[in-house]
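> Test case, fold it:
(chains A, B and C)
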Amino acid sequence: MDEELDIETLDPRKDVRGAAEVKELLRASGLDAEADIQVFVVARNRRGIVACAGLAEDVVKCVTIAAEYRGSSLALRLMNEIHYLAMMRGQSHLFLYTKPGNATLFEGCGFHKLVEVLGHACLMENTPVGIRDYCDSLNAFRQPGQRIGCVVLNANPFTLGHLYLVRQALRQCDWLHVFVVSEDASAISYADRLDLVRAGLAGTERVTVHGGSRYLISKATFPSYFIKDACVVEACSTAIDLLIFRRYIAPALGITHRFIGSEPFCRLTRKYNEDMFEWLENASEEGQPVHVVEIPRFEVAGCPVSASEVRRLLARGDFVTMASLVPPTTLACLRAKYAFRTQPQADYCATEIIEVK
Amino acid sequence: MKKLRRSMLFIPGSNAAMLSTAFVYRPDSIMFDLEDAVALREKDSARLLVFHTLQLTAYHGIETVVRINPLDTPYGLKDLEAAVRGGVEIVRLPKTDCAEDIHKLEREVDRIERECGREHGSTRLMAAIESASGVVNAVAIATASPRMDSIALAGFDYVVDMQTQRGDGTELFYARCAILHAARAAKIDAFDVVFSDVNDDEGFLKEANFAKRLGFNGKSLINPRQIELLHQAYAPTEQELRKAERIVNAAEEAERQGLGVVSLNGKMVDAPVVLNAQRILALAKPAFVQA
Amino acid sequence: MEIKKEAICGTLESNDLLVKVAPRNGLEVTISSEVMRQFGARIREVVEETLKQMGVSQGQFVIEDKGALDCAIRARVQAAVLRGCDSEELNWRGL
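Residues are numbered from 1 along each chain as shown, chains lettered A, B, ... in the order given. Prediction:
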């Protein structure tokens, strides 16, 4: 049966007809063709497309095989092509979401389980040593102490609110690890956000600033975070990210406490915070619990400081008002590099999630 | 007694599973393909797979052939190194158009045998003819080198060159005859084209029988299922077998008695007839002929 | 031989293996196999022997084995190394 099949790649943005065929195939399996998929690997027989697997940067999704070909080696051929395609695109490290029932199939295709939200979803990666290597690299930054804290910031850009959160957290722990979300999907570039965090915390003791990773609030672990106007939040969209944190990242650094700023505005952020209590503190989950500490937002002139407000001021070119909300280093950077933006490129509601607004 | 070469099974050199198991089908010879069956990005890896597979003991009892890429591609020469050093018996050169193609190949084979310490002349050559030029030059090709083992007709590319299509065999008639004659004149073997419809047993048998009647030593196959069919097509009938047995017995009897002439039923039996009878007996008992 | 870039070789199909190689200080070979218990040690042996013969002492090798014979393991590892070194020069004696 395999003899008749051709395996090809398909660009859904250029091949309109092919994209429609793929969409139909996915629909028949109860899946939606996701808009961010850049390329599909498809298997075609004489009649049309019978299997597909989509790639959105380093995330494999929308994988389906027509019923009559299931159980054959088509899945292997399809996923093989995904591995090669990804390597050619410079994405050798891949992630894949699937229903737990399909995990075994993908294990036979060179994928390995990272975490599973029982009954809901499973995140896999295409190497047995991805998370292990990452944790090994984090190990080098372990610090002694009873209470080791963690804060995850998008810092879009770094504000006095972030500074306040860090300082408040430091009062409650022996050492604080600050991670900056590395997904480059915000108005301010990742490189600049990281620089601003470092600059803003320069001279602050007992702090380590870490660049982000694919394993912490990325399109791989937490895709909903990056979807504009994400109003519908699935049951487990936050769980995967939090479970990875609890089972792998926290133990690698000995983290006992995670600090978050209170979230008065964004629904998704609020849900993420609530979920943190469930997934990080719950004793019945695998892995040492991590205590979650919510810190009220820093206020200036009676208003909680918000990065989105800073971006609005940036859009208006109002650096005078901005100066009261951000440290001088942030102000200088925005003036120098972002002053001519009349509209921020991406202003996701969700990016406020862990920032102090 | 000449080796039986009825079935030459094509195996894609990039398919690890088939390379590991093809010997179980017991074709008369196995051709590891590094050319058309292997995608460009796999050429380097397939070459190494074939190099190592050639050295498996399982293949030491079966005649091995490697189809290399043409020497004017970036792959051909490297394929040749892998094949010769790996111990292949026969190298199949695709798209052989003229004697010079064989000469070029031979020079490289000479060099590689020397470099790797392989017995000079142990690597034989098979020319695949896939064009009008090749057909027209068949005699020169067949006699181009003492290493020449056989010529094969490659149907698909040939009909494209001839600006026609595969059909009932009319389109191949002249090519088949020309190649057969060239092979026989040069005292080497000739192989017929691949039959690509693996589900059409009847069509396959028809073509196989035709090739056999014309005198081809065997046929290229792309599916193990075709091996048994082909061996059946080449098997002698009961009548042919009886007759052949009688002739061979008569020949043996004559030798025992020290007679210079073999006779059967009062008629003289020529040497070629005895040879042919021996060949027929061999076709009926392949188990004894395989090394 | 020095691994200069990431490379991939082989397939996930039966009797084959997928080899991924990346530059790394020191040598690390990670093997996953459906027949790990029975053949894991043998696979590792063949891989390490092949790397040694090629003079490879650095690199991260991740291998997904699907029941490959020794000859396939050797071939795929050799091809992966050559792809990772961006080289097509084969030292036949080393094989």
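> what number of residues lie near the nearest residue to A:Cys62 once chain neighbours are set aside?
Closest residue to A:Cys62 apart from its sequence neighbours, by C-beta to C-beta, 6 or more residues apart in numbering or on different chains: A:Gly54 at 3.9 Å. For glycine as for every other residue, the C-beta is placed from the backbone atoms N, C-alpha and C. Applying other C-beta atoms under 10 Å in any protein chain shown, we find 25 residues neighbouring A:Gly54.
> Phi first, then psi, for A:Gly54.
Backbone torsions of A:Gly54, given as degrees, to the nearest 10, read phi -100, psi 150.
> Can you name the residues bridging to it?
Using DSSP bridges, the bridge partners assigned to A:Gly54 are A:Phe40, A:Lys61.
> wait, what's in contact with it?
A:Gly54 makes contact with A:22, A:33-34, A:37, A:39-40, A:60-63, according to C-beta atoms under 8 Å, 6 or more residues apart in numbering or on different chains.
> And the strands in the stretch 151-291 of chain B, which stretches?
Assigned by DSSP state E, counting those that start in this stretch, the strands in the stretch 151-291 of chain B fall at B:189-192, B:218-221, B:262-264, B:267-269.
> Name the residues of chain C found near chain A, please.
Within reach of chain A by C-beta under 8 Å from any C-beta of the partner chain, chain C has these residues: C:6-8, C:11-14, C:18, C:20, C:22, C:28, C:30, C:32, C:34, C:60, C:62, C:64, C:66.
> Tell me the buried residues within these.
Burial by neighbour count, judged by 16 or more other C-beta atoms under 10 Å in any protein chain shown, picks out C:6-8, C:11-13, C:18, C:20, C:22, C:30, C:32, C:60, C:62, C:64, C:66 from those.
> picking that back up, I'd like the distance between the residue nearest to A:Cys62 and A:Ile82.
Separation of A:Gly54 from A:Ile82 (C-beta to C-beta, to the nearest Å): 9 Å.
> Over to A:Thr159?
41 Å.
> if you count what's nearby, which of the two comes out ahead?
Neighbours per residue, other C-beta under 10 Å: of A:Thr159 and A:Ile82, the larger number sits with A:Thr159, 28 against 25.
> hang on, the earlier thing: are there residues contacting both of A:Gly54 and A:Ile82? Which ones?
Common contacts of A:Gly54 and A:Ile82 (C-beta under 8 Å, 6+ apart): A:Val60.
> tell me, how many neighbours does A:His255 end up with?
Slight slip there: residue A:255 is Ile, not His. Look at A:Ile255: counted by other C-beta under 10 Å, it has 25 neighbours.
> and what of A:Phe319?
15.
> show me the contacts for it.
Shown in contact with A:Phe319 (C-beta under 8 Å, 6+ apart): A:313, A:331, A:334-335, A:339.
> Just the buried positions in stretch B:206-213, please.
Buried residues in stretch B:206-213, counted by 16+ other C-beta under 10 Å: B:207-208, B:210-212.
> same check, this time on stretch A:307-323
A:307-311, A:313-314, A:322.
> before we move on, what about stretch A:255-263?
Buried residues in stretch A:255-263, defined by neighbour count with 16+ other C-beta under 10 Å: A:255-261, A:263.
> Rebuild those residues as CSV, extending it with pLDDT, distance to chain C and secondary structure.
Shown next, in CSV, are those (pLDDT from 0 to 100; distance: C-beta to the nearest C-beta, whole Å; DSSP: H, G, I helix; E, B strand; the rest coil):
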residue, pLDDT, distance to chain C, secondary structure
A:Ile255, 97, 27, coil
A:Thr256, 96, 31, coil
A:His257, 96, 33, strand
A:Arg258, 96, 31, strand
A:Phe259, 96, 35, strand
A:Ile260, 93, 35, strand
A:Gly261, 91, 38, strand
A:Glu263, 81, 40, coil
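> how about A:Pro304, phi and psi?
phi -60, psi 130.
> Get me the contact residues on chain A for chain C.
Contact residues (C-beta under 8 Å from any C-beta) of chain A with chain C: A:73, A:76-77, A:79-80, A:83-84, A:87, A:92, A:108-110, A:112, A:127-129.
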